[in-house]
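Q: Next come a sequence and a model predicted from it.
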Amino acid sequence: MSALLTLRNLSVTIGGNEIVHGIDLDVARGETLALVGESGSGKSMTAMALMGISPPGAVVRADEMSFDSGKAPAALRGDRLSMVFQEPMTALNPVFTIADQLMTVYRQHRQSGASEARDRALHLLDRVGLPDPAAQMRKFPHQLSGGQRQRVLIAMALMCGPDLLIADEPTTALDVTTQVKLLDLLGDLQAELGLGMLFITHDLGVVERVSHRVAVMQQGHIVETGETKQVLRAPAHAYTRKLIDSLPRPRTPAARNSGKTVLQARGVGRTYTSSSWGKTQSFQALKEVSLDLDEGEILGVVGESGCGKSTLARILIGLDRPDTGSVEIAGEAATSLPQRSLAKLVQPVFQDPFGSLNPRWTIGSILELPLKLHTDLDAPARRARVADLLRSVDLPVSSAEVTPRALSGGQRQRVAIARALAVEPRVIVCDEPTSALDVSVQAQILALLRDLRRDRGLSLIFISHDLAVIENLCDRVMVMYKGEVVEEGAADRIFANPRHPHTQALKDAILRVEPLQQDGLATGEK
Amino acid sequence: MSDPVTHIKAPRKSSVLSHGGFVIGGSVLLLLLLIAIFAPLLAPYDPFVQSLGERMKPPFWHEGMSPGHWLGTDQLGRDYLSRLIYGTQISLVIGFGAVLISGFIGISLGVAAGYFGGWVDTCINAVITTRLSLPVVLVALAIVAVVGGSLTVVLLVIGLLLWDQFAVVARTATQQLRNAEYVSAARAMGTTHMHVMVREILPNIRASLIVVATVEMANAVLIEAALSFLGLGVQAPLPSWGLMLSEGKNFMFFNPWIITLPGLCLFALALSINLLGDGLRDIQGDKR
Amino acid sequence: MARLILRRSALALFVVFAISIICFLLSHVAVDPAAGVAGDSATDEDLAAIRMQYGFDQPLIVQYGDYLAGVLRGDLGNSYLSGEPVSQLIAERIPATALLACLSIGFALALAVPLGVLAALRPNSLLDRLALTLAVVGQAVPNFWAGLLLILLFGVNLGWLPISGSATLAHFVLPAITLGSFAMPALMRLIRAGMIEVLEADYIRTARAMGLSNRKILFRYALRNAILPVISLTAVQFGFMLGGSIIVESVFAIQGVGYLAWQSMSRSDMPVIQAIVLFISMIYILLTLFADLLNAVLDPRIREHG
């Protein structure tokens, strides 16, 4: 197989900081090379540098950057090599139609007439699996879903028949079931068109599924390269080993407790209506949802976007009131309590570590607020409690003096957990608390939650779209789909023997990587 | 077993003083502020005392200047330098006063509208749109024509009319933050709406509002000058720079300095305020 | 789309009513209208007679009703000073003010658009710094002072342009520059900021990745996206010019609506003052309504969600 893309000693510097330190990469015709790393590893910068679209002020140096023996890749972008990005919601121009954007690309490189471009666009929209391509052509981006937009972007990348496709986290922002469909589509296209692919991702499961070879990147260096199966079964570098070990693995759930129920929801329903000028639209976010949570138990709630899990979370926390049904926490009717009292029973931990702490407050004052509101402690006593809380989430006591800007994502989530613990609630509701974190940091936070449950007898409701995390952390699991609970059961059972088709679909969308044994080798490989 | 976390990033020292516009603007404004405060000590003459024998004397760079009157005298023989010095008081009182009044009104309305949404937002938005549709200078002139001009009237009128940008910016910024997770966390904790608006949201929109404050302060100064120029603002014999321009324009063809100097003072004040505001905006942008 | 038009029009209607109430209060409540009509030398009997004749003794709500009916008919009352119908006075002076406003906004845009776009393409370059300096200076200069200086420089010392009156087009050059230079900075900064934001957007990155030429990206895509907020601001600035022209018109003695306003205010001619306020407000409301609708036409997202 001839080399399609060759990079030698590529380095990228921005504002005096070297982001990419002299890396080497090869992609052959018809093969997929995965470039995997955590946030800040420089993988996106590498792709943008070789395409010639680095941010202004970036300095790119390389001994060799050649495409198809000798040509500069940057000059051929959009034509012989093209790129698909991560955020489908913003990657298309909102004021132009799909047709316009697709055809413009083709006519830029091919100097063709409008009808030829239109035919090509229609053909590709069909090829990427969009129903009724002619109708899609006339639409604007905001009229399409995330998955549909990503398909359009893939079509756009293929308009000029490239030899190399660079995909930068193309499925990270999508639901797992959509992700699996898009990965299959990319695989089919590669086989049919003989495409070479450079697939950038942080997800080892994706790497296992789509790539022939993989390069592992850490802080601007490539630490390991090789055949995917080889690297993932018998990693040579410690960092690769750490990445594989950090992946959440299924665990045996804790034995079901005395059966003392701490939270009980019955028939909870919530419908959103919006009316303007006589036209009313209503959307039923939750339809009669019931759940039980025992003391000391971790209940997982899993589902895709639009299934109602966030609405359920908001209702349990008290930020929203249900239209029907009831919620009881520790025997009290939660839906009729004033927020001040409800807060002592249930507290949230949110998803976005960069948004859940007020950037203008110090960590100390953030943690003191619940104490001020709900306890009679005086200032010195409060500060002592703040120090205790920080210790219990493994943060140095000096963190109380700084603002959130000084902390990393994982550290901020620890503060969020400490804040939830401050009032000593009976239940903590976690809404995707690790989804925005690197996999190694995620592993630490999950371990922290497990420790806190063991030491304090916490009861947790853990909402996530990531099934591997749910299998790792939760005792029982509830699967939601379109506002209803479709299946419920013990964590180890529910994915081994799914009963509902949606659970089956979620299970099929899990991308597995074999865990490593004690000697650093994957199980099942001798 | 989770790893203990020991490393925290040190906060970056701010580079406030390295921003040229901010420094220049801030220094000039500070200078003018000091001149206003210490006017009685700095001004060589009483600005109201007329000296009919010394009328229309030119400043020191023309021949025929009168000793002691460094910047000449006006058509009634009053010392120009002293009148310019006392003029800073008027402009700065209007500037700060109007911003305080309009800021309070505008920020309260804007935050309430952005936070509560719904019919509160609709009502306040209607009020804001009404105010935006009024031609400010005309309405101010009309009110002064009815009520009579004075420093207090001008201050109140400008303060009660210039709150629109505060309200618009506060409303938009609050709408963006309304769904921030730290706001949800505070509400989940059981805090009051007032706490959320004042302690959680307001500190985070402070940056844009300070920029609006500088823009409106410059506007207030220039509007007062315009009103006084048209004879419907601060009344004679007060040394408002705008009024001095109006009085001087009848003589400007042969004594150009008489309109150059007060205009330069207005320009300097407005420029320094704008530079300060731009500098603040840039610095805050860097910190993000 | 239809819902959007309805909603905006309803708001506009409400605002028009609110302003008409304000104007009504100005002319009928803030001063004694009878005194205005009668003049300074009226006796109490004269005042009483005038009140009866004009209906000033009716309840306020009735007076407002008459006032509103008059406005809809086009009857804005009569000037206290000259007795002529106000609507006629305004109509005679609209052409001058309209011409001044158009020339001013044209001048402002002719400078703001190229400068803003060029500055955005090369942020922090010499050109960018120059443009921003120009903007800051332009915003800080009091426009009546600028007018006086321009008169001295171009009218007197150089003698190139006439400085007073509104007889020929040349008479409008200096006033247009004076008025336009106040609007230019805000427009330029908005264009620059909007372009910078658009150029950093994800969809522009997609276009670059697809190999589109820089020229095509700029003129076809970026400008199209960045133009939206500029339309609204231009409408707003145009409205400001109609209101702010009072200063420039009085400095340059242009026989426009603004000059009329100033003359009336110096003499407390209330019917004229409130009519001008009402008139200019309505033009401003129409302008912003038009700008909103234009935005909806250009931005498909607004068409659907308002």
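A: That came through fine.

Q: now C:Lys286: how far from chain A?
A: Wrong residue type there; residue C:286 is Leu, not Lys. 22 Å (CB to the nearest CB, to the nearest Å). Every residue, glycine included, has its C-beta placed from N, CA and C.

Q: What about the closest residue to A:Leu369 other than its chain neighbours, how many residues nearby?
A: Nearest non-adjacent residue to A:Leu369, counting by CB to CB, 6 or more residues apart in numbering or on different chains: B:Met189, 6.5 Å away. B:Met189 has 27 neighbours, counted by other CB atoms under 10 Å in any protein chain shown.

Q: Show the average pLDDT along stretch A:372-388.
A: Rounded to a whole number, the mean pLDDT of stretch A:372-388 is 92.

Q: Tell me which residues are up against it.
A: With contacts defined as CB atoms under 8 Å, 6 or more residues apart in numbering or on different chains, stretch A:372-388 is touched by A:340, A:343-344, A:364, A:367-368, A:371, A:397, A:400, A:422-423, B:189-191.

Q: same question, stretch C:14-34
A: B:126, B:129-130, B:133-134, B:139, B:142-143, B:146-147, C:42, C:47, C:50-51, C:54, C:56, C:60, C:63-64, C:67-68, C:71, C:77, C:268, C:270-271, C:273-275, C:277-278, C:281-282, C:285.

Q: and with 7 Å instead?
A: B:126, B:129-130, B:133-134, B:142, B:146, C:47, C:50-51, C:56, C:63-64, C:67-68, C:71, C:268, C:270-271, C:273-274, C:277-278, C:281-282, C:285 (CB atoms under 7 Å, 6 or more residues apart in numbering or on different chains).

Q: Show the buried residues in those.
A: B:129-130, B:133-134, B:142, B:146, C:47, C:50-51, C:56, C:63-64, C:67, C:71, C:268, C:270-271, C:273-274, C:277-278, C:281-282, C:285 (16 or more other CB atoms under 10 Å in any protein chain shown).

Q: So which of those are in helices?
A: B:129-130, B:133, B:142, B:146, C:47, C:50-51, C:63-64, C:67, C:71, C:270-271, C:273-274, C:277-278, C:281-282, C:285 (DSSP state H).

Q: Once you drop chain neighbours, what's closest to the residue in chain A positioned nearest to chain C?
A: Residue nearest to chain C within chain A (CB to the nearest CB): A:Gly78, separated by 2.6 Å. Closest residue in space to A:Gly78, ignoring its immediate chain neighbours: C:Gly211 at 2.6 Å, by CB to CB, 6+ apart.

Q: related to what we said a few turns ago, which of the contacts of stretch A:372-388 count as buried?
A: Buried among the contacts of stretch A:372-388 (16+ other CB under 10 Å): A:Ala343, A:Lys344, A:Gly364, A:Leu367, A:Glu368, A:Leu371, A:Ala400, A:Ala422, A:Val423, B:Met189, B:Gly190, B:Thr191.

Q: tell me the contacts of the second one?
A: Taking CB under 7 Å, 6+ apart as the criterion, A:Lys344 is in contact with A:His374, A:Val423, A:Pro425.

Q: With the fifth one instead?
A: If a contact means CB under 7 Å, 6+ apart, then A:Glu368 has A:Arg382, A:Val386 as its contacts.

Q: With C:Leu11 instead?
A: Counted by CB under 7 Å, 6+ apart, C:Leu11 has contacts B:Ala126, B:Thr129.

Q: And for B:Gly231, the neighbour number?
A: By other CB under 10 Å, neighbour count at B:Gly231 equals 20.

Q: In this structure A:Leu448 contacts A:Val393, no?
A: Yes. Taking contacts as CB atoms under 7 Å, A:Leu448 lies within contact range of A:Val393: 6.4 Å.

Q: Now do the shared contacts for those two.
A: A:Arg414, A:Ile417.

Q: Strands along the stretch 1-150 of chain C, start to end?
A: In the stretch 1-150 of chain C, no strands are found when defined by DSSP state E, counting those that start in this stretch.

Q: how about the residues of it near chain A?
A: C:Arg3, C:Leu6 (CB under 7 Å from any CB of the partner chain).

Q: near chain B, which residues of the stretch 1-150 of chain C show up?
A: So the stretch 1-150 of chain C meets chain B at C:11, C:14-15, C:18-19, C:26, C:30-31, C:136-137, C:139-142, C:144-145, C:148 (CB under 7 Å from any CB).

Q: State the distance from whichever residue of the stretch 151-300 of chain C sits closest to chain B to B:Gly106.
A: The nearest approach of the stretch 151-300 of chain C to chain B comes at C:Gly243, 2.6 Å away (CB to the nearest CB). The gap separating C:Gly243 from B:Gly106 is 19 Å, by CB to CB, to the nearest Å.

Q: of these two, who's got more company?
A: B:Gly106 (27 against 24).

Q: can you give me the helices for the stretch 151-288 of chain B?
A: B:151-161, B:164-177, B:181-189, B:193-195, B:202-229, B:241-248, B:257-287 (DSSP state H, counting those that start in this stretch).

Q: The second one vs chain A: in contact?
A: If I follow you right, that is helix B:164-177. No. Contact of helix B:164-177 with chain A (CB under 7 Å from any CB) is absent, the minimum separation being 9.6 Å.

Q: One more: the fourth one?
A: No. Contact between helix B:193-195 and chain A is absent, the nearest approach being 8.9 Å (criterion: CB under 7 Å from any CB).

Q: Pull out the buried positions in that helix.
A: In helix B:193-195, counting by 16+ other CB under 10 Å, buried: B:His195.

Q: can you list contacts of that helix?
A: B:Ala186.

Q: now the helix or strand encompassing B:Val111 against helix B:257-287, angle please.
A: Assigned by DSSP states H and E, B:Val111 falls within helix B:80-116. Going by axes from the mean of the first three to the mean of the last three CA atoms, to 10 degrees, helix B:80-116 is angled at 40 degrees with respect to helix B:257-287.

Q: Helix B:80-116 near chain A at all?
A: No. For helix B:80-116, no contact with chain A is found by CB under 7 Å from any CB; the gap never falls below 14.5 Å.

Q: where's that helix relative to the chain centroid, distance-wise?
A: 5 Å (CA atoms, centre = their mean, to the nearest Å).

Q: for it, packing partners?
A: When contacts are defined as 3 or more CB pairs under 7 Å, 6 or more residues apart in numbering or on different chains; DSSP states H and E, helix B:80-116 sits against helix B:20-37, helix B:39-42, helix B:118-133, helix B:151-161, helix B:164-177, helix B:202-229, helix B:241-248, helix B:257-287.
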